[in-house]
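Engineer: Sequence first, then the predicted structure, then my questions.
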Amino acid sequence: MLQLPSLKIADTCETRFILFDDLKLLWMEARGANTVEDQSPEPESSVKHDNGSAGRGEKSHENIDDGNMAADTPVILVVDANVRHLHREKLDQVFPAKSTRYFEVPPGEESKSVATWNRIIDFAFSGPLRRNTPLVAVGGGVTGDLAGFAAAGLMRGLPLYHIPTTLLAMVDSAVGGKTGINHAFGKNTIGAFYHPKAVLFDTAFLDTLPQREWLCGISEVLKYGYIADPRLLDQATTLADPASRSQNLLGEVIEQSVRIKSEVVAEDARESGRRAWLNFGHTFGHALETQDNYCNINHGEAVYAGMIAALCVSRKLGYNVSDKPLLEMKNTYQLDLGAYTSAVDRLVTLMTQDKKNRDNSIRLVLVKEHGRPCLHPVNNRNLLKEAWQYTFKALS
Ligand SMILES: NC(=O)c1ccc[n+]([C@@H]2O[C@H](COP(=O)([O-])OP(=O)(O)OC[C@H]3O[C@@H](n4cnc5c(N)ncnc54)[C@H](O)[C@@H]3O)[C@@H](O)[C@H]2O)c1
């Protein structure tokens, strides 16, 4: 269990970090306070919605404008199907069926789609729904991004709670307010900035996380090591190996990662400047994921390779940085990218198509020295090709 302080994420939003066990108290607090309010007559402005025109949902829904939640309004819980299966007992304890409507998300990136988003919307409207009905996302980044986007749209914004169950979601995706789904046009191309009311951490979920998924989170921790706190480089290396993992270190690393991300996001919520640093390794990584058609290499592995490439460019531009901490983890990641050497030209072209580029330049996050990132426009295709070639040689 991990106790983190409240962190201000944006001017209008504060994300609370509380213990999973405190969740019950949180609901009781919210519902207890509202029971009194609920005794008053329904506001005049209550509107009956009829969504029959969409061909489904015979029920109509109350649309209440204030922040009160009726004691009997069930919570909508959007949960990764693997997590529901593996942690059923624990979830049922805090979210009993009588006060919770469960929606299971099939595991995998394919679920971050318009189709699954639409199913959540239909599901939400198929039962009692008010503006203050809480929507709780339980799962990794896929479930969090998808459910967060549904929460952002439903009734123009339901109160959202994240319970991240992967290391990546704990150290990265559950914090910062980015929600969204994928489209044929590209990954994360439909979405909204929408902050959760609280993020709840329980590291016991991680006991069932497969090692390969664990390493996805480790890649993001390594990223924080390069862009903010170099101590995390050693700590991530220790945590990557199941034999040297400890709960204390895990807690420390999650807390520090969340702190770094929160601080960056608080300064630049909509990614006009400093938030772009969080993309260190990602511009290279996204190109690799696209080239791979999201089949063999997962996000964390692509980011791991992408950081090696970005550090190579940093060194070629004269900065004093080392990829030794990454290369020492080569056997842990068990990544063989030798087969991609022939795709170097295509990978550089994919990088030029990145949605974050401006003025025909690739905006690369480089590292000047460990802990000091910078944003650098790069036009030189040969430089990028060399970085890819170096990376594939190192990881084959
Ligand atoms: N919003 C953001 O700021 C942000 C940041 C980084 C990544 N992302 C997004 O996050 C997604 C990747 O997230 P992810 O790596 O968490 O992947 P994921 O959500 O797909 O989860 C990975 C796998 O682990 C399983 N799983 C989850 N929790 C488990 C547990 N406790 N025990 C056993 N299995 C478990 C899932 O069923 C799935 O098979 C991508 O879509 C990426 O775009 C978003």
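Structural biologist: The structure has been received and is ready for your questions.
Engineer: Distance of the most centrally placed residue in the chain relative to the ligand?
Structural biologist: For the chain, Ser173 is the residue whose C-alpha lies nearest the centre (CA atoms, centre = their mean; 1.8 Å). As judged by CB to the nearest ligand atom, to the nearest Å, Ser173 and the ligand stand 3 Å apart. In this view, the C-beta of every residue, glycine as well, is placed from N, C-alpha and C.
Engineer: Who are the contact partners of the residue lying closest to that residue once chain neighbours are set aside?
Structural biologist: Nearest residue to Ser173, sequence neighbours excluded (CB to CB, 6 or more residues apart in numbering): Gly141, at 3.7 Å. Counting by CB atoms under 8 Å, 6 or more residues apart in numbering, Gly141 touches 166, 168-169, 172-174, 299.
Engineer: tell me the two of those residues that are most distant?
Structural biologist: Spatial extent of the contacts of Gly141 (CB to CB) is set by the pair Ala174 and His299 at 14.9 Å.
Engineer: Please say which of the two ends up with more neighbours.
Structural biologist: Ala174 (31 against 23; other CB atoms under 10 Å).
Engineer: Touching, the more buried one and Gly144? I think so.
Structural biologist: Yes - Ala174 lies in contact with Gly144 (CB atoms under 8 Å); the separation is 5.4 Å.
Engineer: Can you check which residues contact both of these two?
Structural biologist: 162, 164.
Engineer: For Lys98, see how far away the closest residue to the ligand within the stretch 251-396 of the chain is.
Structural biologist: Closest residue of the stretch 251-396 of the chain to the ligand, CB to the nearest ligand atom: His299 (5.3 Å). Going from His299 to Lys98 by CB to CB, to the nearest Å gives 37 Å.
Engineer: Which parts of the stretch 1-150 of the chain are strands?
Structural biologist: Secondary structure of the stretch 1-150 of the chain by DSSP state E, counting those that start in this stretch: the strands cover 7-10, 13-19, 47-50, 60-63, 75-80, 100-105, 135-139.
Engineer: Determine which of those strands shows the lowest mean per-residue pLDDT.
Structural biologist: Between the strands of the stretch 1-150 of the chain, the one with the least mean pLDDT is strand 47-50; it has a mean of 28.
Engineer: got the residues of the stretch 251-396 of the chain near the ligand?
Structural biologist: Residues of the stretch 251-396 of the chain that fall close to the ligand, judged by CB under 6 Å from any ligand atom: His299.
Engineer: mind listing the helices for the stretch 251-396 of the chain?
Structural biologist: Here the stretch 251-396 of the chain has its helices, by DSSP state H, counting those that start in this stretch, at 282-291, 299-316, 324-327, 330-333, 344-352, 381-394.
Engineer: Show me the shaky parts of the stretch 1-150 of the chain.
Structural biologist: Low-confidence segments of the stretch 1-150 of the chain, defined by pLDDT under 70, span residues 1-72.
Engineer: Which parts of it are helices?
Structural biologist: Using DSSP H, counting those that start in this stretch, helices in the stretch 1-150 of the chain cover 22-38, 81-86, 88-94, 114-125, 141-153.
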